[in-house]
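Peer 1: Prediction below, plus the sequence it came from.
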Amino acid sequence: MSTPQEPSKQREVGRWILAPGQVILDTRSPSEFAKGHISGAHVFPLFDDEERAVIGTLYKQQGQDSAVERGLELVGPKMADFVRRSRQLYQDQMDPKPLLIHCWRGGMRSGSVAWLLETAGIPVVKLQGGYKAYRQWARSELAGLSNLRILGGMTGVGKTPILHAMVDLGAQVLDLEGLADHLGSAFGNLDRHEQPSSEQFSNDCHGVIHAMDPDRPIWVEDESRVIGTVHIPEELFQVMSEAPIWEVARTDEERIQELCRIYGSAERDTLRSAFLRIQEKLGGARCQEAIAALDGDDLPRAAAIGLGYYDKLYQHTIQRYARPNHHQMSGKGMAFHEIASALHQLPNPS
């Protein structure tokens, strides 16, 4: 990949990296891959985590020659499998293109695998600058994002189903909560499943955005900096904070109905735990009232108590991060697809 000083060439190479069907082999260790990788890449480690640690120690203590020799001993038994796997990936392509190979900085690991596969007659291209260069390019693209539109509104207005309905209408939508695997708030991950790393989330956001038409609006839900354990990339968050927002309003009754729809099938114990996580800010008495409502199978009452807390939080956030182009829209009595249709037909803001 070209250096950051060559933006036009960077964009050209970037389009190729994320082209549909491009096979990418990431030769870094499994732990490096797990922390963050180019969306869609195959984990193809030259060394596993333990082997990488051994090589690194040898390099520091005895120098490059000793590290290379030990590396060759470790890689030797793997070479035939590398070739078999790579040949299969190449042949499985509908329109065969060279395999793209990279490591952290485009150094010895990717160079060694590229040499091996080329020797075996498999077309490959080495990503100059490696994963590090990709990350620099991806962050610069997020920072330069335009035509972003924010869908806002208090908890329970149905922002996520509205965005999904907009997708059905052909709108471009970046589903942050879907990519983060979290619904937001203390209730957004009731089963406490593992989320992607913030770095991987950033890569996935970039991959989705890169496939979109930059000349058309891109819709995204209004979010705080953190979704569960995942941080929104700073470059993207800054663009979001300056983008026009459409705040959808619905009645309290409609919002409570929506929360009951979302959480009605959830285990009551997990909902109790979620209320306990916000007990300090909600207040002990209100928290116990909500738990009592759950124990009495009065989910609407518990939802109403939760809304009281999140409404205050939302108002505080709106005032703190005021946007220069703030629009309000009533969705009272409207189905989600009707709200989506109205938003999808909006002209570009002045």
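Peer 2: Done, it's in. Numbers count the residues shown, from 1 in each chain.
Peer 1: Please, where are all the helices along the stretch 201-350 of the chain?
Peer 2: Remark: helices assigned in the stretch 201-350 of the chain by DSSP state H, counting those that start in this stretch are 234-242, 252-263, 268-277, 279-282, 284-295, 299-320, 336-344.
Peer 1: Packed most tightly, which of those helices would that be?
Peer 2: Burial of the helices of the stretch 201-350 of the chain is given as mean neighbour count (mean count of other Cβ atoms under 10 Å); helix 336-344 ranks first at a mean of 19. For glycine as for every other residue, the C-beta is placed from the backbone atoms N, C-alpha and C.
Peer 1: what angle sits between that helix and helix 252-263?
Peer 2: Angle of helix 336-344 versus helix 252-263, following axes from the mean of the first three to the mean of the last three Cα atoms, to 10 degrees, is 110 degrees.
Peer 1: if I pick the residue nearest to residue 44 when sequence neighbours are not counted, what's in contact with it?
Peer 2: Beyond its immediate neighbours in the sequence, the residue positioned closest to residue 44 (Cβ to Cβ, 6 or more residues apart in numbering) is residue 25, lying 4.1 Å away. Counting by Cβ atoms under 8 Å, 6 or more residues apart in numbering, residue 25 touches 41, 42, 44, 86, 89, 99, 100, 101, 102, 113.
Peer 1: I'd say the fifth one and residue 42 touch.
Peer 2: Yes. In this structure, residue 89 is within contact of residue 42 by Cβ atoms under 8 Å, at 6.9 Å.
Peer 1: what residues are shared contacts of those two?
Peer 2: With Cβ under 8 Å, 6+ apart as the test, residue 89 and residue 42 both reach 23, 25.
Peer 1: any idea of the mean pLDDT in the strand or helix carrying residue 117?
Peer 2: Per DSSP states H and E, residue 117 falls inside helix 108-119. Mean per-residue pLDDT for helix 108-119: 93.
Peer 1: by contact count, what packs against it?
Peer 2: Counting contacts by 3 or more Cβ pairs under 8 Å, 6 or more residues apart in numbering; DSSP states H and E, helix 108-119 is packed against helix 64-75, helix 79-91, strand 99-102, strand 124-126.
Peer 1: Pick the most buried one from these.
Peer 2: strand 99-102 (a mean of 26).
Peer 1: how far is that strand from where the chain is centred?
Peer 2: Strand 99-102 sits 23 Å away from the centroid of its parent chain (Cα atoms, centre = their mean, to the nearest Å).
Peer 1: Just the residues contacting that strand, thanks.
Peer 2: Strand 99-102 is contacted by residues 17, 22-27, 38, 44, 86, 89-90, 110, 113-114, 117, 122-127, 130-131, 134 when judged by Cβ under 8 Å, 6+ apart.
Peer 1: which outside residues touch stretch 260-274?
Peer 2: Contacts to stretch 260-274, defined as Cβ under 8 Å, 6+ apart, come from residues 183, 186-187, 190-191, 291, 294-295, 297, 299-300, 302-303.
Peer 1: Apply 7 Å and report the result again.
Peer 2: If you take Cβ atoms under 7 Å, 6 or more residues apart in numbering as the criterion, stretch 260-274 is touched by 186, 187, 190, 191, 291, 294, 299, 300, 303.
Peer 1: end-to-end on it?
Peer 2: Stretch 260-274 has an end-to-end distance of 15 Å (Cα to Cα, to the nearest Å).
Peer 1: so after the least confident helix or strand in the chain by mean pLDDT, what's the next helix or strand?
Peer 2: Here the helix or strand of the chain ranked lowest by mean pLDDT, DSSP states H and E is helix 7-17, holding a mean of 52. Remark: after helix 7-17, the chain's next helix or strand is strand 24-26, criterion DSSP H and E.
Peer 1: Neighbouring strands - and their directions - for that next one?
Peer 2: strand 42-43 (parallel), strand 99-102 (parallel) (DSSP bridges).
Peer 1: Understood, closing this out.
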